[in-house]
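1. Sequence first, predicted model second:
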Amino acid sequence: MAGNEMGVFGVSALEEEFYRHFLRNPATPADDVHLLLGTDPADTRECLDRLTELGLLHPPGPEGLVTPADPDSALARLVDRRLNELHEELRRVTRSRHVVDGLRAEFAARAETAAGIEQLEGLADIRNRIDDLAFFARDEILAVETYPRLSPENIARSRPLDLRCLGRGLRIRNVVVRSALEDGPTADYLRELTAHGAEIRVTSEAAERMIVYDRSTALVPLDPRNTARGALLAHRSGLVTNIIALFEKIWDAAEDLAEIDRRDGCAAESELTERERRVLVFMCTGGKDEAGARELEVSVRTYRRYVAELLQTLGANSRAQAALLARERGWI
């Protein structure tokens, strides 16, 4: 038997094994089943009861013999049962809109009571509020980030939130400092966001950290030199407008990340040797190493060494990532 084919009907793998056994061996004594199939007696009794409940087995007769139900009629009943379950589940899902409405009502109530300027204390409180604001944002998120690098933990935490926002169609415009591009994982994460639709620019000037949600709520640090001290959440339209104006000034003076990558890519490409270009092109076509080695007239071992050196040049962890980076930089 290959797999749990009856799992779609709510039948477990062990229950399916029992039913198939009785189809092949009708009128088997119930007391002997666990011996024939090598199963635990308690599990056997549970399976028999469950199969009887589902109508796949007839209740044991006077002599304790178990006979299977006809597959056509038995599966027809299972299909009806499963469809009814799915229909009921679908009804529950379609009626769940009130959950979102309730959450929005709570958020609106909190925003109303917090009208003006609200002070947040501690990183946990700030992160929770950022999660809430990003979840309920509908149109746009503007941000100036001053971190020189993101830790793997920060990237792992931020990625699902950022990608979910982009997946919902939000416009995200971020300004980051140039030193962030010097950290490989941070730079790769920023490029991943641009690949999903984020607009990212790079500034070499000192900037203040800020995040603006839907042009109505702005978050700024209480102390720019120590963000752990807390943050201010502004709801007043005049103050938010001024923060947006400051963002736009920083945005206009910053340089597009894609343009930086193209310029750096052209500079790096000019330094590639003819052999490196040939390896890069062949590697990105998905050809096998043996064919690439024949193309360059070298051994497979030497060809793989060339590939490893090229991955290091690109700062890639895999060939797939190398192909993506090479295309982003206009090398191929």
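-> That came through, no problem.
2. Run through the helices of the stretch 201-332 of the chain in chain order.
-> Secondary structure of the stretch 201-332 of the chain (DSSP state H, counting those that start in this stretch): helices at 237-253, 257-270, 274-284, 289-296, 300-314, 319-328.
3. Which parts of this protein belong to which domain?
-> Taking automatic domain parsing as the domain assignment, the ranges for the chain are 5-94, 101-256, 272-328.
4. Let's have those in JSON lines, adding mean pLDDT.
-> Shown next, in JSON lines, are the domains of the chain (pLDDT from 0 to 100):
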{"stretch": "domain 5-94", "mean pLDDT": "81"}
{"stretch": "domain 101-256", "mean pLDDT": "84"}
{"stretch": "domain 272-328", "mean pLDDT": "80"}
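5. can I get the ones you listed in a markdown table with mean neighbour count?
-> Placement of C-beta: from N, CA and C, glycine included. Below are the domains of the chain laid out as a markdown table (neighbours: other Cβ atoms under 10 Å):
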| stretch | mean neighbour count |
| --- | --- |
| domain 5-94 | 14 |
| domain 101-256 | 15 |
| domain 272-328 | 15 |
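6. Would you reformat those domains as CSV and include distance to Arg262?
-> Shown next, in CSV, are the domains of the chain (distance: least, Cβ to Cβ, whole Å):
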stretch, distance to Arg262
domain 5-94, 46
domain 101-256, 9
domain 272-328, 8
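7. ok, back up a step: do you know which of the helices of the stretch 201-332 of the chain lies nearest Leu150?
-> helix 257-270 (14.8 Å; Cβ to Cβ).
8. what mean pLDDT would you report for that closest one?
-> Regarding helix 257-270, the rounded mean pLDDT is 65.
9. Check which helices and strands whichever helix or strand Ser73 is part of sits against.
-> Using DSSP states H and E, Ser73 sits in helix 71-94. Packing partners of helix 71-94 (3 or more Cβ pairs under 8 Å, 6 or more residues apart in numbering; DSSP states H and E): helix 41-54.
10. now the angle from the helix it packs on to helix 71-94?
-> 90 degrees (axes from the mean of the first three to the mean of the last three Cα atoms, to 10 degrees).
11. And helix 41-54, what does it pack against?
-> Helix 41-54 packs on helix 13-24, helix 33-37, helix 71-94, going by 3+ Cβ pairs under 8 Å, 6+ apart.
12. Among those, which comes closest to Gly116?
-> Gly116 lies closest to helix 71-94 among the helices and strands packed on helix 41-54, at 38.6 Å (Cβ to Cβ).
13. Which residues outside that closest one are in contact with it?
-> Met6, Val8, Phe9, Gly10, Val11, Leu23, Leu54, Gly55, Leu56, Pro68 (Cβ atoms under 8 Å, 6 or more residues apart in numbering).
14. go with 7 Å
-> Applying Cβ atoms under 7 Å, 6 or more residues apart in numbering, the contact partners of helix 71-94 are Phe9, Gly10, Leu54, Gly55, Leu56.
15. Pick out whichever of those sits closest to Asp256.
-> Gly10 (53.8 Å).
16. List the contacts of the closest one.
-> Applying Cβ under 7 Å, 6+ apart to Gly10 gives the contacts Arg82.
17. before we move on, back to that, report the two of the contacts of helix 71-94 separated the most.
-> Gly10 and Gly55 (12.2 Å).
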